[in-house]
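A.B. asks: got a sequence here, can you build the structure:
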Amino acid sequence: TKLPGVEIESYGPIGSNVSFGIRGNNSSQVLVLVDGMPAPGGLAGSVNLGTFSTAGIDRVEVVEGGGSTLYGTGAVGGVINIITDHSTQSNGIARYGSFGDTEFQAGAEGFSIDRTYANNAFGLPSYTSFGTVMPTTRNNSNYGATTLRYSGSKTFGSVTAQLNFSTADEIIGVPGFYPFVSTSSIQNEVDNIAGLTLHHNGAQSTTTLQLGGEQQQLAYNCNDIQEPEACYQPSQSLSVESRVSMYLRNAVDAGTQHLVYGIDLSRGTVMTNGGGGPVVVPSGAPQPPPSSTDALAQTAVYVQDNVDFSHIFHGYAGLRGERDGGLGGAISPSVGIEADPATGIALKVNYATAFRAPNASELYYPGFGNPNLQPERSQVADATLHFTGSAGTASAGWFTTRSNDLIVSTLIECLPPSYYNCIYLPENVAHALRQGFTVDGTTRPHGGISASFNATDLYTAENLTTNTRLPNDPVMTVNLGLKFVPARTGIFGGAELWERVVGQRGTVDFTQPLFFQPAAYSNLTAYVDLRVTPKLDLYLRGYNLGDERYADVSGYPMPGRSFALELRTR
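C.D. replies: The predicted structure follows:
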């Protein structure tokens, strides 16, 4: 990602699962929506952005900072809202690249289809550990996915109806933590989404009713004959999540005052079968039940008032009351101001409380869940100064998140004979603190050339109970970009170059190779656009052009340099 404060960390090559976060907050603390409705996997904490197809997607909106007042549980770090494309124009993409990366994508009249495949086998630097030559090929990383999506809208008088649905079927090879590699672990994921949104436009207000449903089926299977301990269960595990939601809100525009209020309701279940067989537990502890079926619910009301005090001073205040089933409730207030003291200068300051109810996996997953978890509660604040001038735009900001009862996965113990017998348990941390700065700037194009820069300094990401740094939170992340867009004549359509530099994200043993450790790294990507016809472009894309070997997530090596050719209609 190129956005300041936003982290996307992959567990491997094309189609792998990813972790994501905003301003040091992890995936479970960032709410993912599709057209404003919960994405599949939200109840179980298994939303997978890494395999979400771009077919039929118009844009992705990112809201940074605590958004619990308007969005509810899970929006501690922010919100990622994936907006589908309602246009009826035809389009298509065909791509082929390294590691067997193949994609065909087509769309027309609101419908889109995407088929992606990659064999993802890649070599690793060879080395010897304690006299043993370690595996030098990362196998069992195949990825295949088919996505069908529809998004359309139609107006009936003063009412606009928007309908969207999609289904995605994905098969992902899961080799696991290096070097304890499984040769046959396979994950099969099926995601289904359906939503209907009705907008009624009045003289001074817009009323919106959203009805939606989502389902995720997540199966994990393993039949590793050569290394049976690499299989975490003797039979297939299965998790099935289903949820229906209804959101009703009204936005009133009264001149200098803008009022939003609404009701959110959702009901869902998560059924989990851990795969049977004994689960590793501490000595003397009873075996957990092999499966569980649990209901989760959300009921909330909220109101937020935005006031224009003058042409240079604006403010807002909001309040949300929510109850998440048997997990309890929360009252979440928020306030903020915006000042425009001079042309091209704007200051925004926000404060809010935010909360997150534990997900079903953290509560109930056999052999892992902890039903005694309490919801996380946080105080979130940020201040950002924006500049706009003839040379471009720039901003500088500060943010802080102080959390109580932060949920973290704690290593309890490792039992012989192997790594696979380690026991983890989600627990509430009494206190945690995240603080940092962001800077962001983009120049206006000059001769078709523009430059971009942003950096995030997460100088504090600390478990205040143990006085240790929270895992997977690099201190520094920097993005540098250079883009050239020529006049729309000739064969050359443009080019872009991006360098992403990420700091160390955990403990590194420098006596061992770095390709499976959370060491600092940089990743250089680029593309060149060639106009084949007035309606067809050819892109040459390059990834990790410096051929750095690193692990975005500790223990999960990333591939080296790769390329792709892509034909895209305009």
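
A.B. asks: report the contact partners of L385.
C.D. replies: With CB atoms under 8 Å, 6 or more residues apart in numbering as the criterion, the residues that contact L385 are 345-347, 395-397. Bear in mind the C-beta positions are built from the backbone N, C-alpha and C, glycine included.

A.B. asks: ok, of these, which come out buried?
C.D. replies: 346, 395, 397 (16 or more other CB atoms under 10 Å).

A.B. asks: from those residues, pick the one nearest F20.
C.D. replies: G397 (19.7 Å; CB to CB).

A.B. asks: so how far is F437 from the closest residue in space to that closest one that isn't next to it in sequence?
C.D. replies: Closest residue to G397 apart from its sequence neighbours, by CB to CB, 6 or more residues apart in numbering: T384 at 3.6 Å. Using CB to CB, to the nearest Å, one gets 10 Å for the distance from T384 to F437.

A.B. asks: now for the two: what residues contact both?
C.D. replies: Shared contacts of T384 and F437 (CB under 8 Å, 6+ apart): 396-398.

A.B. asks: just the strands from the stretch 301-450 of the chain, written as ranges.
C.D. replies: Taking DSSP state E, counting those that start in this stretch, the strands of the stretch 301-450 of the chain run over residues 313-323, 329-342, 345-356, 376-389, 392-414, 422-443, 449-463.

A.B. asks: nearest to V252, out of the ones you listed?
C.D. replies: strand 313-323 (13.8 Å).

A.B. asks: strand 329-342 and that closest one, what's the angle between them?
C.D. replies: Angle, strand 313-323 to strand 329-342, by axes from the mean of the first three to the mean of the last three CA atoms, to 10 degrees: 170 degrees.

A.B. asks: would you mark the buried spots in strand 313-323?
C.D. replies: Buried residues in strand 313-323 (16+ other CB under 10 Å): 314, 316, 318-320, 322.

A.B. asks: same list (these) but as a markdown table, adding distance to A94 and pLDDT.
C.D. replies: Formatted as a markdown table, the buried residues of strand 313-323 follow (distance: CB to CB, whole Å; pLDDT from 0 to 100):
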| residue | distance to A94 | pLDDT |
| --- | --- | --- |
| H314 | 47 | 95 |
| Y316 | 46 | 95 |
| G318 | 46 | 95 |
| L319 | 51 | 95 |
| R320 | 46 | 94 |
| E322 | 46 | 93 |
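
A.B. asks: ok, those vs V32, which is closest?
C.D. replies: E322 (18.0 Å).

A.B. asks: which residue, other than its chain neighbours, is closest to the closest one?
C.D. replies: A300 (3.8 Å).

A.B. asks: part of a strand, is that neighbour?
C.D. replies: Yes - per DSSP: H, G, I helix; E, B strand; the rest coil, A300 lies within a strand segment.

A.B. asks: residues contacting the residue located most distally from the centre of the chain?
C.D. replies: Using CA atoms, centre = their mean, the residue of the chain lying farthest from its centre is G131. It sits 40.1 Å away. For G131, the contact set (CB under 8 Å, 6+ apart) is empty.

A.B. asks: same deal with the one 3 residues further on?
C.D. replies: Each residue near M134 by CB under 8 Å, 6+ apart is listed here: 124, 126-128, 179.

A.B. asks: please flag which of those sit within strands.
C.D. replies: Of the contacts of M134, the ones assigned to strands by DSSP state E are T128.

A.B. asks: determine which two of the contacts of M134 are furthest apart.
C.D. replies: Distance extremes for the contacts of M134: the farthest pair is L124 and T128 at 13.0 Å, using CB to CB.

A.B. asks: when these two are compared, which one has more neighbours?
C.D. replies: L124 (19 against 8; other CB atoms under 10 Å).

A.B. asks: and the more buried one, how close does it get to G392?
C.D. replies: 42 Å.

A.B. asks: same check on N139?
C.D. replies: Taking CB to CB, one finds N139 at 46 Å from G392.

A.B. asks: and what of R531?
C.D. replies: For R531 relative to G392 (CB to CB), the value is 27 Å.

A.B. asks: circling back: quick one: which of the contacts of L385 is nearest L259?
C.D. replies: For the contacts of L385, the nearest to L259 is A346 (22.7 Å; CB to CB).

A.B. asks: just give the nearest non-adjacent residue to the closest one, would you?
C.D. replies: Going by CB to CB, 6+ apart, A346 has H386 as its nearest residue, at 4.4 Å.

A.B. asks: quick revisit: tell me the one of the shared contacts of T384 and F437 nearest I331?
C.D. replies: W398 (26.1 Å).

A.B. asks: for the closest one, give the beta-bridge partners.
C.D. replies: Going by DSSP bridges, W398 is paired in beta bridges with A383, F437.

A.B. asks: before we move on, back to that, the residue nearest to A346 contacts T393, correct?
C.D. replies: Yes - counting by CB atoms under 8 Å, H386 does reach T393; the two are 7.3 Å apart.

A.B. asks: related to what we said a few turns ago, quick one: the buried ones among the contacts of L385 as TSV, columns for pLDDT and distance to D509 too.
C.D. replies: Listed next are the buried ones among the contacts of L385 as TSV, based on pLDDT from 0 to 100; distance: CB to CB, whole Å:
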residue	pLDDT	distance to D509
A346	96	46
S395	96	38
G397	95	35
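
A.B. asks: so which of these comes closest to L43?
C.D. replies: Distance to L43, by CB to CB, is smallest for G397 among those, at 32.0 Å.

A.B. asks: show me where pLDDT drops low in the protein?
C.D. replies: Along the chain, the parts satisfying pLDDT under 70 run over 223-235, 275-290, 412-423.

A.B. asks: what about the helices in it?
C.D. replies: Secondary structure of the chain (DSSP state H): helices at 68-71, 360-364.

A.B. asks: and S205, which of the ones you listed is closest to it?
C.D. replies: helix 68-71 (16.9 Å).

A.B. asks: what's the spacing between the closest one and its chain's center?
C.D. replies: 18 Å (CA atoms, centre = their mean, to the nearest Å).

A.B. asks: which other helices and strands contact that helix?
C.D. replies: Using 3 or more CB pairs under 8 Å, 6 or more residues apart in numbering; DSSP states H and E as the contact test, the elements touching helix 68-71 are strand 291-308, strand 313-323, strand 329-342, strand 345-356.

A.B. asks: dump the C-alpha coordinates for it into PDB.
C.D. replies: What follows is helix 68-71, C-alpha atoms only, in PDB (Å, rounded to 0.1, in the frame of the first residue of the first chain):
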ATOM      1  CA  SER A  68     -16.800   3.500  16.500                       C
ATOM      2  CA  THR A  69     -19.400   6.300  16.700                       C
ATOM      3  CA  LEU A  70     -20.600   5.700  13.200                       C
ATOM      4  CA  TYR A  71     -19.400   2.200  12.500                       C
END
